[in-house]
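J.: Quick one: sequence plus predicted model below, questions after.
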Amino acid sequence: MAFACPRCKESSQVLHLPEFVRSLPAESELREKYGEPAEYGMQWLFPAAAGVLGVAALVTGGLAAGLPLLAGGVGVGFWLSHGAQASADARAAWLRSLYCRRCPVSFLPEEALAA
């Protein structure tokens, strides 16, 4: 099925965005503008260490130190997983996106017009 741009209604200039970006020269400004979103580099060292220290403190009887460490580890772990999911969603949308070369705009297939 062919897609048409929702802005200019042209179908002959609509390309799959990842293929278009890969076809550009390395020094192209469009490669930076429409390139693949960066992967979220999750750092699990702090939440894991805080959780282990919190559990160790709770086991040894240090309730005042154990609960904040455990809660902090869980909170930071939740925050990191939320950022990772947002990054994965942005990358998934980019992989599905289309690009109109006539009126430089990127859009999802749901926004496109049927041609």
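T.: Arrived safely, thanks for sending.
J.: Return the backbone torsion pair for residue 113.
T.: Dihedral pair for residue 113: phi -90, psi 150, per degrees, to the nearest 10.
J.: shouldn't it be in contact with residue 9?
T.: Yes. With contact defined as CB atoms under 8 Å, residue 113 counts as touching residue 9 (6.1 Å). (C-beta placed from N, C-alpha, C; glycine too.)
J.: Tell me which of those two has more neighbours.
T.: Each of residue 113 and residue 9 has its neighbours counted (other CB atoms under 10 Å); residue 113 has more, 15 against 12.
J.: Give me the mean pLDDT for the host helix or strand of residue 73.
T.: Assessed by DSSP states H and E, residue 73 sits inside helix 63-96. Computed over helix 63-96, the mean pLDDT rounds to 84.
J.: How far off centre is it?
T.: Its chain's C-alpha centre and that of helix 63-96 lie 13 Å apart, by CA atoms, centre = their mean, to the nearest Å.
J.: ok, and what's touching the following helix or strand past that helix?
T.: Next along the chain after helix 63-96, taking DSSP H and E as the criterion, comes strand 98-100. Identification of contacts with strand 98-100 by CB atoms under 8 Å, 6 or more residues apart in numbering yields 3, 5, 7-8, 10, 13-17, 20, 34, 105-109, 112.
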